[in-house]
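Trainee: Prediction below, plus the sequence it came from.
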Amino acid sequence: MSVNLYDKALINHFRDIFDDSRIHILPVEQAIRFTAQLRQDDVKFPLVSTNRLGYSIKLSEVNFNALRNGGFQNRNADNTKTFAQIIPIRINYQVDVFTVSKAQGDELLRELIFHIMLHPTLQVEIPYKLDMEHNFNIFLESDIVDNSDTVEHVNKGVLFRNTITLYTDDAYLFKSRNELQGKVEADVIVVDKKEGLQ
């Protein structure tokens, strides 16, 4: 499904930003436990957890021609044309930043917020016989929530947790449709006006 492609693009972007491969799409409740399993109980902080909250179809923006017929994408060697069929969607994400001090969390969030606002564009490779690239933007919701009171004590220490919500509203569900390219066969007779038709 196309939605997973956007998840991967976001996760790879965060891994590049933080230079850390421990970032995954998981429910926040599993983030610390999953990281502990990956690192043989050696969990280091700060830790960033990303979770897709869900997605919605942007019904008011559905173009029924693009949905049914699709837009021309490419001409194939087997005399068919490929059309990209699309449905616009909005995808919502939650990003939780776990730190061992409030100051460290504030500093990390400051950097993350600036980065997202200055570099919102990401790219996905669309398969489904379309073989195309699609650029999309991620945006921040305005509220940053301190969820420190919902975090359990880990290793007898207190963790601080800040939550931001992201979304993209220029994502699509993709599908391809092939259509046989029409052929016109005819015999052509060239007529010289002086000689007339023979």
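Mentor: It's in.
Trainee: Flag the shaky bits of the chain, pLDDT-wise.
Mentor: Filtered on pLDDT under 70, the chain yields the residue ranges 1, 22-44, 150-158, 181-184, 195-198.
Trainee: quick one, strands of it?
Mentor: According to DSSP state E, the chain carries its strands in the segments 47-57, 71-75, 80-99, 121-126, 132-137, 139-146, 160-180.
Trainee: Show me which residues of the fourth one are buried.
Mentor: Residues of strand 121-126 classed as buried: L122, V124, I126 (neighbour count, 16 or more other Cβ atoms under 10 Å). All C-beta atoms are positioned from the backbone trio N, CA, C, and that covers glycine.
Trainee: Which of those sits closest to D7?
Mentor: V124 (9.7 Å; Cβ to Cβ).
Trainee: Pairing partners for the closest one in the sheet, please.
Mentor: Using DSSP bridges, the bridge partners assigned to V124 are H134.
Trainee: And for Q85?
Mentor: Where Q85 sits in a bridge, its partners, by DSSP bridges, are K175.
Trainee: Near it, how many other residues are there?
Mentor: By the criterion of other Cβ atoms under 10 Å, Q85 has 20 neighbours.
Trainee: before we move on, the earlier item: quick one, which of the strands of the chain is packed in tightest?
Mentor: Per residue and on average, the most neighbours among the strands of the chain fall to strand 80-99, with a mean of 19 (mean count of other Cβ atoms under 10 Å).
Trainee: what packs against it?
Mentor: Using 3 or more Cβ pairs under 8 Å, 6 or more residues apart in numbering; DSSP states H and E as the contact test, the elements touching strand 80-99 are helix 2-18, helix 28-38, strand 47-57, helix 64-68, strand 71-75, helix 102-118, strand 160-180.
Trainee: ok, H115 to H13 distance?
Mentor: Plainly put, H115 is 9 Å away from H13 if you go by Cβ to Cβ, to the nearest Å.
Trainee: So those two - more neighbours on which side?
Mentor: Higher neighbour count among H115 and H13: H13, with 18 against 14, using other Cβ under 10 Å.
Trainee: Could you export the strands of the chain as CSV, including distance to N65?
Mentor: Output for these, formatted as CSV (distance: least, Cβ to Cβ, whole Å):
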stretch, distance to N65
strand 47-57, 17
strand 71-75, 9
strand 80-99, 10
strand 121-126, 19
strand 132-137, 19
strand 139-146, 28
strand 160-180, 12
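Trainee: Out of these, which is closest to K193?
Mentor: For K193, the closest of the strands of the chain is strand 71-75, at 37.2 Å, according to Cβ to Cβ.
Trainee: Neighbouring strands - and their directions - for that closest one?
Mentor: Sheet partners by DSSP bridges: for strand 71-75, these are strand 80-99 (antiparallel).
Trainee: the inter-axis angle of the partner strand versus strand 47-57?
Mentor: Following axes from the mean of the first three to the mean of the last three Cα atoms, to 10 degrees, one obtains 140 degrees for the angle between strand 80-99 and strand 47-57.
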